[in-house]
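Novice: based on what follows, work out the 3D shape:
(one chain, ligands or ions: 1)
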Amino acid sequence: MTDSRIPTARLGDGGPEVGVQGLGCMGMSFAYGPSDAKESRATLERALELGVTLYDTADAYGAGENERFLSPFFKAHRDEVVIATKFALAIPPDDPTRRIIRNDRPYLREAVEASLRRLDVDVIDLYYMHRRDVNVPIEETVGAMAELVREGKVRHLGLSEVTATELRAAHAVHPIAAVQSEWSLFSRDIEARVVPAAGELGVALVPYSPLGRGFLTGSFTDAGQDLTADDFRRLQPRFTGENAAVNATLLDPIRTVAQAHDATPAQIALAWVHHQARLHHLPVVPIPGTRKPGRVEENAGAATIELAEEELALLEPIADKVAGDRYPDMSFASAGRE
Ligand SMILES: NC(=O)c1ccc[n+]([C@@H]2O[C@H](COP(=O)([O-])OP(=O)(O)OC[C@H]3O[C@@H](n4cnc5c(N)ncnc54)[C@H](OP(=O)(O)O)[C@@H]3O)[C@@H](O)[C@H]2O)c1
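Specialist: Coordinates of the predicted model:
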């Protein structure tokens, strides 16, 4: 494996310069079954050596646990890393197992203080609204987020799973550096409206789940059978039962392209996401999630793979054939509100 550092990209017109591939840290504490803390820490260090500088977490990942877990790594490398975290998925006092969406100013102010405390830093580099509460005007929420920038608690603002209309309204209040939404060979709904709006406004795209939550790598086939009982992917319609069986047959073209490049399916799935930057003329910084140093090397290797036109054509039909939605309730995603 190469030790050369990945290229860089700027997050939004006035945003920070980061490695063109970030690291999703959610699985280190949450959602994807048991993790080995030592291996996760080695993954963080290896990522940094490879030029991965954008690290993605959220207060909701293990009710603060993920932010706490990352804190020593961030402190050790504060000037080299760009810390991205999120607010908006609140724990209701009567039921700690549930989450409600809150975009109101009092909640935001509480959430940012809690994240700063858990991360043990003075400032968050990129602060995202994780999900949209349609009962609060987005101008109000972004106005309150902009106060945090003025107060020096946050450097740049981001939004996750917003529609193009919501993005435009938000950007008119304060510059948005990045939209974080699902984007992969399996999930392309944002290409219709969100991606053109981001390109027009000078906002970067940070695709989450660029490996289709691991499905595109072939590392599991049916979440109901292959993954542990607490794994979030068992709740996603496209990863279980008949849908999963249909979707597994869609991986063949990815394997064919991988063979031609002497690469892995994971690398081809990521190379396709990186290619979207050239196609749509905007910065695209995917944040594949892994807890394994070998996989972070493999994934970083995808940042410089170029796909030929005929290979892109082979991959093009995949998304339209995917069976099953990406969430049980699609109003949770921007496509459910477009
Ligand atoms: N804004 C949002 O609403 C939102 C939603 C979901 C996720 N996110 C963020 O986006 C990040 C990435 O998304 P994600 O983790 O859901 O999905 P992903 O990056 O598409 O896939 C992660 C899965 O793929 C596996 N994997 C990674 N590299 C691999 C490789 N080279 N070969 C085989 N398997 C590989 C990982 O397993 P191992 O960990 O065991 O390697 C993990 O199970 C998250 O960590 C989180 O920070 C944001």
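Novice: pLDDT score for the residue in the stretch 151-300 of the chain that the ligand sits nearest to?
Specialist: Here the stretch 151-300 of the chain gets closest to the ligand at one residue, G289, 2.5 Å apart by Cβ to the nearest ligand atom. (Glycine included, C-beta is placed from N, CA and C.) In the predicted model, G289 carries a pLDDT score of 98.
Novice: residue boundaries of the helices in this structure?
Specialist: Shown for the chain, the helices assigned by DSSP state H span residues 37-49, 65-76, 105-119, 138-150, 164-173, 194-201, 223-226, 241-248, 252-261, 265-280, 293-301, 309-315.
Novice: how about those helices in TSV, adding mean pLDDT and distance to S334?
Specialist: Output for the helices of the chain, formatted as TSV (pLDDT from 0 to 100; distance: least, Cβ to Cβ, whole Å):
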stretch	mean pLDDT	distance to S334
helix 37-49	98	28
helix 65-76	98	23
helix 105-119	98	20
helix 138-150	98	12
helix 164-173	98	8
helix 194-201	98	6
helix 223-226	94	23
helix 241-248	96	21
helix 252-261	98	25
helix 265-280	98	16
helix 293-301	98	25
helix 309-315	98	23
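Novice: switch those over to JSON lines; also include mean neighbour count.
Specialist: Formatted as JSON lines, the helices of the chain follow (neighbours: other Cβ atoms under 10 Å):
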{"stretch": "helix 37-49", "mean neighbour count": "18"}
{"stretch": "helix 65-76", "mean neighbour count": "19"}
{"stretch": "helix 105-119", "mean neighbour count": "17"}
{"stretch": "helix 138-150", "mean neighbour count": "18"}
{"stretch": "helix 164-173", "mean neighbour count": "20"}
{"stretch": "helix 194-201", "mean neighbour count": "20"}
{"stretch": "helix 223-226", "mean neighbour count": "16"}
{"stretch": "helix 241-248", "mean neighbour count": "16"}
{"stretch": "helix 252-261", "mean neighbour count": "17"}
{"stretch": "helix 265-280", "mean neighbour count": "21"}
{"stretch": "helix 293-301", "mean neighbour count": "21"}
{"stretch": "helix 309-315", "mean neighbour count": "14"}
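Novice: how about the residue of the stretch 151-300 of the chain closest to the ligand, what does it touch?
Specialist: Going by Cβ atoms under 8 Å, 6 or more residues apart in numbering, G289 touches L23, G24, C25, M26, G27, Y32, S209, L211.
Novice: which of these are close to the ligand?
Specialist: G24, C25, M26, G27, Y32, S209, L211 (Cβ under 6 Å from any ligand atom).
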